[in-house]
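# sequence unavailable; structure follows:
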């Protein structure tokens, strides 16, 4: 399927996708809790939670790809 180098690059790419999401997601959640009087409170909160879950997904997928590249799991 992939060689070691390609699998390692793919894993690092997934972790780089997760890095900004780890900061954006909690910031959006914080913004939702600060603006409770706003009509869009629940929508902004849902977007923030989704971004946090997406960050965790990309992080675990990246870690799995990197460990597969190191330990030659096929």
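Structure received. Bear in mind that the values here come from a model prediction, so they are computed numbers and not experimental data. Numbering: from 1, shown residues only.
# so which helix or strand takes in residue 7?
helix 4-34 (DSSP states H and E).
# which elements pack onto that helix?
Contacts defined by 3 or more CB pairs under 8 Å, 6 or more residues apart in numbering; DSSP states H and E place helix 4-34 against helix 41-71. All C-beta spots, glycine's among them, are computed from the backbone N, C-alpha and C.
# how far does the helix holding residue 7 sit from its chain's centre?
A distance of 4 Å separates the centroid of the chain from that of helix 4-34, by CA atoms, centre = their mean, to the nearest Å.
# avg pLDDT for that helix?
For helix 4-34, mean pLDDT rounds to 95.
# residue 31 contacts residue 43, doesn't it?
No - Residue 31 is not in contact with residue 43 according to CB atoms under 8 Å; the separation is 11.7 Å.
# thinking again about what came up before, mind listing what's buried along the helix holding residue 7?
For helix 4-34, a neighbour-count test (16 or more other CB atoms under 10 Å) marks 7-8, 10-11, 14-15, 17-18, 21, 24-25, 28-29, 32 as buried.
# what's the local residue count around residue 35?
13 (other CB atoms under 10 Å).
# what is the burial count for the nearest residue to it once chain neighbours are set aside?
The shortest distance from residue 35 to any residue other than its chain neighbours is 6.2 Å, reached at residue 41 (CB to CB, 6 or more residues apart in numbering). By the measure other CB under 10 Å, the count of residues near residue 41 is 15.
# distance of residue 41 relative to residue 71?
Using CB to CB, to the nearest Å, one gets 45 Å for the distance from residue 41 to residue 71.
# ok, now which ones touch the most centrally placed residue in the chain?
For the chain, the residue nearest the mean C-alpha position is residue 55 (1.4 Å; CA atoms, centre = their mean). By CB atoms under 8 Å, 6 or more residues apart in numbering, the residues touching residue 55 are 18, 21, 22, 25.
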